[in-house]
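Novice: Okay, sequence plus prediction incoming.
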Amino acid sequence: MKKKAKIVNFSLSHKKYVKKLRQDKFIVIFFRIFVLVAFLGLWELLTYTNVLDPFFVSSPSRIIAQLGDMIASGTLWHHTWVTLYETLIGFFIATVLGYLIAVLLWWNEKVRKIFEPYIVVLNSLPKIALGPVIILWVGAGTNAIILMCVLICIVITTMTMLSAFVNCDEGKILLLKSMNANKFQILWKLVLPSSMKDFISVLKINVGMSFVGSIMGEYLTSKAGLGYLIVYGGQIFKIDLVMSATFVLCILAFVIYSLVSLLERIYKK
């Protein structure tokens, strides 16, 4: 009887704990939505009452109207697709190459010691300064924008993954060596699986950085894309266009970040 009572008490405690987790999750989601709605409402109110000049800060209603016009004309989909294409290609190339470079540097310690300082210097170099050089290398257009995106993300990927590989548990590595495991087996069975959390973190970082790269590239050389719309809107003093393009960028970044978060949840299961 006592054992049964303990089981019942544990079950009730577990239910309360799960219920609290759900309540906390609901509270977080509610306040996220509340903060967003409150911010948009206050923004609309201040521009409607002319406390803020909508010519300089636009307003949610003007942004919606601008997006409606762009959807009706079909220009929104075209510019959004151009930026999304450039960002995804740059994101994929930078992530794969950065990961492979990190593996290579982990594999050969001498190579790592030789090239690590140069990687650190490259990371600190402002990539926008390379814009004219990039255009000379690959020409103006999509290739230059993708290369800009790759240069921004690849160093972050390499440094983060290399740090994760190098900091792998030495005790476990020694255990595998004592079992006559070769270097490839250590890499495949231990180092790569143990670095998955860091890889997910890199993906999350690269989501934002790849958009930064593509927009920076479009600032330098583009005839289409959300970055082009932002530059063009600024040139003709049409802040509604600038804010509309920025809003679409936020939506795209949120969607891709959500996909990465979904991948993280699948991995944890």
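Specialist: Now that the structure is in, tell me what you want to look at.
Novice: how near is the spatially most central residue of the chain to I93?
Specialist: Residue closest to the mean C-alpha point of the chain, counted by Cα atoms, centre = their mean, is V207 at 1.8 Å. Between V207 and I93 the computed distance is 14 Å (Cβ to Cβ, to the nearest Å). C-beta coordinates here come from the backbone N, C-alpha and C atoms, glycine included.
Novice: just to revisit the earlier point, now do the helix or strand where the residue nearest to the centre of the chain lies: distance to the chain's middle.
Specialist: Using DSSP states H and E, V207 falls within helix 196-220. Mean-position distance between helix 196-220 and its chain equals 5 Å (Cα atoms, centre = their mean, to the nearest Å).
Novice: what packs against that helix?
Specialist: Helix 196-220 is packed against helix 75-107, helix 131-138, helix 142-166, helix 226-235, helix 239-268, with contacts defined by 3 or more Cβ pairs under 8 Å, 6 or more residues apart in numbering; DSSP states H and E.
Novice: same thing but at 7 Å, please
Specialist: helix 75-107, helix 142-166, helix 226-235, helix 239-268 (3 or more Cβ pairs under 7 Å, 6 or more residues apart in numbering; DSSP states H and E).
Novice: three-state assignment of C168?
Specialist: What DSSP: H, G, I helix; E, B strand; the rest coil gives for C168 is coil.
Novice: From L192, how far off is it?
Specialist: Distance of C168 to L192, computed by Cβ to Cβ: 9 Å.
Novice: and the helices and strands packed on helix 196-220 as a markdown table, adding distance to K20, mean pLDDT and mean neighbour count?
Specialist: As requested, these are exported to a markdown table (distance: least, Cβ to Cβ, whole Å; pLDDT from 0 to 100; neighbours: other Cβ atoms under 10 Å):
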| stretch | distance to K20 | mean pLDDT | mean neighbour count |
| --- | --- | --- | --- |
| helix 75-107 | 37 | 93 | 19 |
| helix 142-166 | 33 | 90 | 23 |
| helix 226-235 | 41 | 89 | 19 |
| helix 239-268 | 20 | 89 | 16 |
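Novice: any chance of those in JSON lines, plus distance to I134?
Specialist: Converted to JSON lines, those look like this (distance: least, Cβ to Cβ, whole Å):
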{"stretch": "helix 75-107", "distance to I134": "12"}
{"stretch": "helix 142-166", "distance to I134": "5"}
{"stretch": "helix 226-235", "distance to I134": "15"}
{"stretch": "helix 239-268", "distance to I134": "21"}
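Novice: so which of these comes closest to L67?
Specialist: Closest of these to L67 is helix 239-268, at 5.2 Å (criterion: Cβ to Cβ).
Novice: angle of the closest one against helix 196-220?
Specialist: With axes from the mean of the first three to the mean of the last three Cα atoms, to 10 degrees defining the directions, helix 239-268 sits at 160 degrees from helix 196-220.
Novice: So that it lines up with my notes, have the first residue be 11 from now on.
Specialist: Understood, numbering begins at 11; the last thing we discussed is helix 249-278.
Novice: What is helix 249-278 packed up against?
Specialist: Against helix 249-278 (3+ Cβ pairs under 7 Å, 6+ apart) you get helix 64-67, helix 70-83, helix 206-230, helix 236-245.
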